[in-house]
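>>> Show me how the following folds:
(one chain, ligands or ions: 4)
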Amino acid sequence: METAEIRRRFLSFYESKGHTIVPSSPLVYDDPNLLFVNAGMVPFKPYFLGQQAPQWDRATSVQKCVRTGDIEEVGKTSRHGTFFQMNGNFSFGDYFKEGAIQFAWELITTSQDQGGYGLDADKIWPTVYEDDDEAYDLWHRMIGIPAERITRRGKLDNYWHMGVPGPGGPCSELYLDRGPEYGREGGPAVDEDRYLEFWNLVFMQYELSAVRAKDDFDIAAELPKKNIDTGMGLERMATLLQGVDNLYEIDEVYPVLDRAAELTGKKYGAHSGHAASESHPDDVRLRVVADHVRSSLMLIGDGVTPGNEGRGYVLRRMLRRAVRSMRLLGFDEPSLPLLLPVSVERMKQSYPELESGFDRISQIAYAEEEAFRRTLASGTTILDTAVARTKSSGGTTLAGDQAFALHDTYGFPIDLTLEMASEQGLEVDREGFTRLMQEQRDRAKADAKAKKGGHANTEVWKDLRALGATDWRAYQELTSEAKVVG
Ligand code: ATP
Ligand code: MG
Ligand code: MG
Ligand code: MG
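Numbers count the residues shown, from 1 in each chain. Ligands and ions are numbered 1, 2, ... in the order given. This is a model prediction of the structure:
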């Protein structure tokens, strides 16, 4: 089943159950805690927080999401994209656990001829929060799932809140057993590759008064109006229904991977079995290319442009990583003009605006690749020389001042230096680098103050900048902290 059809069925199923279809919000959303929308519920937050009254009791959407915190997983697991789409159904004080579970079960087990997804009921493994006997009983008694297939998990896995006082509650997740060729038996707690998570049902049930950590909070009261927030990974469902090994092989992603393999002369999958963790580096790179090209397309489509900070930096890093992966696979020509058109061809069915905006989108992407090629041309020799010198003097760590010079003079972001150094077996003195960056920033600040008599920094990213404008970890921390589902 094509991804576009999976999406269509989701929306029409929930529409038939009285939900209003709400269009996806753009990836860039007015929320100071988020770089990008990272879950279907984000645009509905004001309703869940009681700040606004929703126009409906029930809504459904397919929300575009980007999770920068998952970037390191891309290509290495079978299930993480930086961009993905989250199908969701939402109840605002209307149906609760029983309704959410019944709807979900009906949609996934109704046969494909009858408009459902036709999953094999015997292969579905739900998880529930350890104390949530109500959800357990609904799966066990109402749906009839044998006890041994229902896993109880703790707060880290099966509790949802926003990291601040406010609504929270237990979750129930759905996993499909893909069979012994994908890994060890024993359920989702044992092997998340064999048992693939595809849906998270959040039961917003309590008012939390204090939240100290993901798994440490106080419950103040039951919410007067209980809510449902679910998120089903569209690409995960496509992986399951298309019978492919992983997310990068579905219809919306694979054509780019395939084209990249053709351009680089690599035979994808020649070396790997099912276990994504044992993949050959070339296969991982091909998946990274396919993922990052698509994510870049979607980000530029939603108005992001490459830059050195915040969202622009995330986009820049993805574009550069795609380009560099192509080079590491042996392709030295400009690659985006050959890959981005393949991606838009696949995505335009669900997002026609990508086609009409493609001139603009592609110009931005191609210009970034050109600029990056120039950066690489000038900086690579310097880096190689520094690496050779370090090695010949018996060192294993590239000095911080060299990393800083590469950044300052040749525009090499620290991630690139880290990546390229580690490919040659060296570490980088990050502390030294960060210190020099900080000194430079302090000087700039002092200069600016001297000139203007000080100014207020109102940008959202100021905290990030304090951590280092090019520190990728900082983005990960920000986005994972703001993670809103699961
Ligand atoms: P995982 O444990 O696999 O990282 P998660 O528990 O972080 O997933 P949730 O926060 O529960 O994911 O998000 C709801 C659903 O969105 C998941 O059940 C999954 O289907 C989908 N999803 C989450 N992250 C990704 C991703 N990076 N790429 C594709 N789909 C995703
Ligand atoms: Mg995750
Ligand atoms: Mg989850
Ligand atoms: Mg999970």
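>>> Distance of the nearest residue to residue 375 once chain neighbours are set aside relative to residue 382?
Residue nearest to residue 375 in three dimensions, not counting chain neighbours: residue 411, with 4.8 Å by C-beta to C-beta, 6 or more residues apart in numbering. All C-beta spots, glycine's among them, are computed from the backbone N, C-alpha and C. Distance of residue 411 to residue 382, given as C-beta to C-beta, to the nearest Å: 11 Å.
>>> cool, residue 340 as well?
In this view, residue 340 and residue 382 are 30 Å apart by C-beta to C-beta.
>>> Give me the more crowded residue out of those two.
residue 340 (24 against 15; other C-beta atoms under 10 Å).
>>> The more buried one: which element?
For residue 340, the element it lies in under DSSP states H and E is helix 336-347.
>>> Repeat that for residue 270.
For residue 270, there is no host helix or strand (DSSP H and E).
>>> So the closest residue to ligand 3 within the stretch 101-250 of the chain: helix, strand or coil?
As assessed by C-beta to the ion, ligand 3 sits closest to residue 200 within the stretch 101-250 of the chain, at 4.0 Å. Following DSSP: H, G, I helix; E, B strand; the rest coil, the label given to residue 200 is strand.
>>> what does residue 197 give?
Under three-state DSSP, residue 197 falls in the strand class.
>>> Look up which residues are beta-bridged to the nearest residue to it once chain neighbours are set aside.
Distances taken as C-beta to C-beta, 6+ apart place residue 175 nearest to residue 197, at 5.2 Å, with adjacent residues excluded. Residue 175 has these beta-bridge partners by DSSP bridges: residue 125, residue 197.
>>> what residues are up against residue 175?
Contacts of residue 175 were listed using C-beta atoms under 8 Å, 6 or more residues apart in numbering, and they are 124, 125, 126, 127, 187, 188, 192, 195, 196, 197, 198.
>>> Look up how far residue 228 lies from the fifth one.
Between residue 187 and residue 228 the distance is 25 Å, computed by C-beta to C-beta.
>>> Which of the two has more residues huddled nearby?
residue 228 (26 against 18).
>>> Assign the more buried one to helix, strand or coil.
Under three-state DSSP, residue 228 falls in the strand class.
>>> So what's the residue count around residue 373?
Residue 373: 16 neighbours (other C-beta under 10 Å).
>>> Please name the bridge partners of the residue in the stretch 101-250 of the chain that ligand 1 sits nearest to.
Among the residues of the stretch 101-250 of the chain, residue 233 lies nearest to ligand 1; the distance is 2.4 Å by C-beta to the nearest ligand atom. With DSSP bridges applied, residue 233 shows beta-bridge pairing to residue 86.
>>> what sits against it?
79, 84, 85, 86, 87, 197, 198, 199 are the contacts of residue 233 under C-beta under 8 Å, 6+ apart.
>>> Out of the residues you listed, who's the most crowded?
residue 85 leads these on contacts (other C-beta under 10 Å) with 28 neighbours.
>>> if you skip the residues just before and after it, what's nearest to that one?
Sequence neighbours aside, residue 234 is the residue nearest to residue 85 in space, at 4.0 Å (criterion: C-beta to C-beta, 6+ apart).
>>> Hmm, that neighbour is touching residue 84, no?
Yes: using C-beta atoms under 8 Å, residue 234 is in contact with residue 84, at 6.8 Å.
>>> Which helix or strand contains the residue of the stretch 301-450 of the chain found nearest ligand 1?
At 13.5 Å from ligand 1, residue 318 is the closest residue in the stretch 301-450 of the chain, using C-beta to the nearest ligand atom. Per DSSP H and E, residue 318 falls inside helix 310-328.
>>> cool, residue 98 as well?
helix 97-109.
>>> what's the answer for residue 89, then?
Here residue 89 is assigned to strand 83-92, by DSSP H and E.
>>> how is this structure carved up into domains?
Here the domain assignment for the chain is 3-241, 253-393, 396-486, based on automatic domain parsing.
>>> Format these as CSV; extra columns: distance to residue 247.
Converted to CSV, the domains of the chain look like this (distance: least, C-beta to C-beta, whole Å):
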stretch, distance to residue 247
domain 3-241, 5
domain 253-393, 7
domain 396-486, 17
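>>> In CSV, list the ones you listed along with mean pLDDT.
Below are the domains of the chain laid out as CSV (pLDDT from 0 to 100):
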stretch, mean pLDDT
domain 3-241, 96
domain 253-393, 93
domain 396-486, 69
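>>> what's the helix or strand for the residue lying closest to the residue of the stretch 301-450 of the chain closest to ligand 1 once chain neighbours are set aside?
Leaving aside its sequence neighbours, residue 318 sits nearest to residue 292 (C-beta to C-beta, 6+ apart; 4.3 Å). For residue 292, the host element (DSSP H and E) is helix 281-301.
>>> now that helix against helix 336-347, angle please.
70 degrees (axes from the mean of the first three to the mean of the last three C-alpha atoms, to 10 degrees).
>>> residue contacts, the residue of the stretch 301-450 of the chain closest to ligand 1?
Contacts of residue 318 by C-beta under 8 Å, 6+ apart are 71, 82, 292, 295, 296, 299.
>>> Any quick PyMOL command for the buried ones out of the residues you listed?
Filtering the contacts of residue 318 down to the buried ones (16 or more other C-beta atoms under 10 Å) takes a single PyMOL command:
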select buried, resi 71+82+292+295+296+299
